[in-house]
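J.: quick check, what structure comes out for this input:
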Amino acid sequence: MAITARQLQDIMDEYDQLRRSHELLIIERRDQVADSIPEIASIDKEIAHISLEEARHLLYAQEPDADQASDLSGRRIHDRVQELSRKRVHLLIEHGYPPDYLDPIYLCEKCKDTGYIDNRRCTCLEEKIRRILAVHSGLDPENEKERFSSFRFSYYSNKVNRKAGISPRENIENIMAACREFVRNFDRQTGENLLITGNTGVGKTHLSRCLGNELLTEGKQVLYLTAFQLFKILEDQAFHRSNNSLVSEEDILQCELLIIDDLGTELTNAFINSRLFLCMNERILQKRSTVINTNLSLEQISSIYSERISSRIIESYTVLSIIGDDIRIKKALSSLDG
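T.: Residues are numbered from 1 along each chain as shown. A predicted model of the protein is given here:
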């Protein structure tokens, strides 16, 4: 799972602080109970002493000549601890305290607020990581409308497009299948890239956000930026300008999946051309995946940017061309009919 060492350390520090605060609370409770129920302190001391004896018994029981008497002794120790523990609970209840008032406190009982179970990440740690990745992603994995399961094919016509030789509906179903495959094989692939093209309003942005959210919920480091945002960040950092972005050039180059939306809507110049090539080329060399959405054709990309950029796309990107009418107009007409 892609998360920086600093981010992971911050999470583990949170776990440490949580455990310490709970430990201090239990100490305060023990002092409080000791004042109101002195017998509890005596029981705790006896349990601690017996527990030490039980530990010694376990060591003794591992000796080759350990006999049945040792087993009986061990059971007696265990039974006594259970008896004292029941008495302790009874005293707490008798004095108006909850039966678990002095028990350790954990937000996550599975990992005891350590984040790990047998050296594997607990689900609570996985959730913390997902939340951190989501904050920096530019996406919203909680938005159920931007998931594959909510993608609506009904906006795409079943009428065959003569030029494409396929209906928009069948075309988008094929593209969706390719996107699902991209997500399904993400851990096994080595830097596959997608170029999603099509006219304005055919669903390029929505599809790429769905794709990004699917991977984000699996704990992948996804970064979604419009072309304007991307080049603004790169320009500000290149010229050492201050900005409020949480995203750095390193994030752009190192994230597992970079999604660039609406390439071609930004003002293009030599600087942007060079930074786009650097970004694409560096990610290709590092085998990190990129998804680009654009209204431009490959010929237009070559003309507006450079042949070396279009060459990289031809060599390293799978092109998915969406056909069909402007969905936003269809939605507007549909709302008027309603």
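J.: element containing the residue most central in space within the chain?
T.: The chain has Arg130 as the residue nearest its centroid, 2.5 Å off, counting by Cα atoms, centre = their mean. Assigned by DSSP states H and E, Arg130 belongs to helix 123-137.
J.: next secondary structure element downstream of that helix?
T.: Criterion used, DSSP H and E; the element after helix 123-137 is helix 168-184.
J.: how about that next one: buried residues?
T.: Pro168, Arg169, Glu170, Asn171, Ile172, Ile175, Met176, Cys179, Phe182, Val183 (16 or more other Cβ atoms under 10 Å). For glycine as for every other residue, the C-beta is placed from the backbone atoms N, C-alpha and C.
J.: which other helices and strands contact it?
T.: Judged by 3 or more Cβ pairs under 8 Å, 6 or more residues apart in numbering; DSSP states H and E, the packing partners of helix 168-184 are strand 193-198, helix 204-216, strand 317-322.
J.: nearest to Lys110, out of those?
T.: Closest to Lys110 of the helices and strands packed on helix 168-184 is helix 204-216 (Cβ to Cβ; 23.5 Å).
J.: how about the helices in the protein?
T.: Applying DSSP state H to the chain gives helices spanning 5-36, 38-61, 68-94, 123-137, 168-184, 204-216, 227-238, 249-254, 270-285, 298-304, 307-316, 327-337.
J.: which residues does the closest residue to Asn171 other than its chain neighbours contact?
T.: Leaving aside its sequence neighbours, Asn171 sits nearest to Ile323 (Cβ to Cβ, 6 or more residues apart in numbering; 5.2 Å). When contacts are counted by Cβ atoms under 8 Å, 6 or more residues apart in numbering, Ile323 touches Asn161, Ala164, Ile166, Pro168, Asn171, Gly198, Val202.
J.: likewise for Asn161?
T.: Ser167, Pro168, Asn171, Ile323, Gly324.
J.: looking at those, which is nearest Ile117?
T.: Nearest to Ile117, judged by Cβ to Cβ, of these is Asn171 at 45.8 Å.
J.: could you dump the helices of the chain to CSV with distance to Ile105 and mean pLDDT?
T.: What follows is those, written out as CSV (distance: least, Cβ to Cβ, whole Å; pLDDT from 0 to 100):
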stretch, distance to Ile105, mean pLDDT
helix 5-36, 4, 92
helix 38-61, 17, 76
helix 68-94, 15, 77
helix 123-137, 15, 84
helix 168-184, 39, 96
helix 204-216, 32, 95
helix 227-238, 43, 89
helix 249-254, 37, 88
helix 270-285, 45, 92
helix 298-304, 58, 90
helix 307-316, 52, 92
helix 327-337, 51, 67
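J.: so of the ones you listed, which one's packed in deepest?
T.: helix 204-216 (a mean of 23; mean count of other Cβ atoms under 10 Å).
J.: can you list the residues that contact that one?
T.: So helix 204-216 is contacted by 130, 133-134, 137, 139-141, 143, 146-148, 150-151, 175-176, 179, 182-183, 186, 196-198, 222, 224, 256-257, 259, 261-262, 291, 293-294, 322 (Cβ under 8 Å, 6+ apart).
J.: could you dump that helix to PDB, C-alpha only?
T.: Once non-C-alpha atoms are left out, helix 204-216 reads as follows in PDB (Å, rounded to 0.1, in the frame of the first residue of the first chain):
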ATOM      1  CA  LYS A 204     -14.500  11.100 -19.800                       C
ATOM      2  CA  THR A 205     -14.100  12.900 -16.500                       C
ATOM      3  CA  HIS A 206     -16.800  10.900 -14.800                       C
ATOM      4  CA  LEU A 207     -15.300   7.600 -15.900                       C
ATOM      5  CA  SER A 208     -11.800   8.500 -14.800                       C
ATOM      6  CA  ARG A 209     -13.000   9.600 -11.400                       C
ATOM      7  CA  CYS A 210     -14.900   6.300 -11.000                       C
ATOM      8  CA  LEU A 211     -11.600   4.500 -11.900                       C
ATOM      9  CA  GLY A 212      -9.600   6.600  -9.400                       C
ATOM     10  CA  ASN A 213     -12.100   6.000  -6.600                       C
ATOM     11  CA  GLU A 214     -12.100   2.200  -7.200                       C
ATOM     12  CA  LEU A 215      -8.300   2.200  -6.700                       C
ATOM     13  CA  LEU A 216      -8.400   4.700  -3.900                       C
END
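J.: could you give the angle of it to strand 317-322?
T.: Orientation check (axes from the mean of the first three to the mean of the last three Cα atoms, to 10 degrees): helix 204-216 against strand 317-322 gives 130 degrees.
J.: now do Ile314 against Ser302, distance only.
T.: 9 Å (Cβ to Cβ, to the nearest Å).
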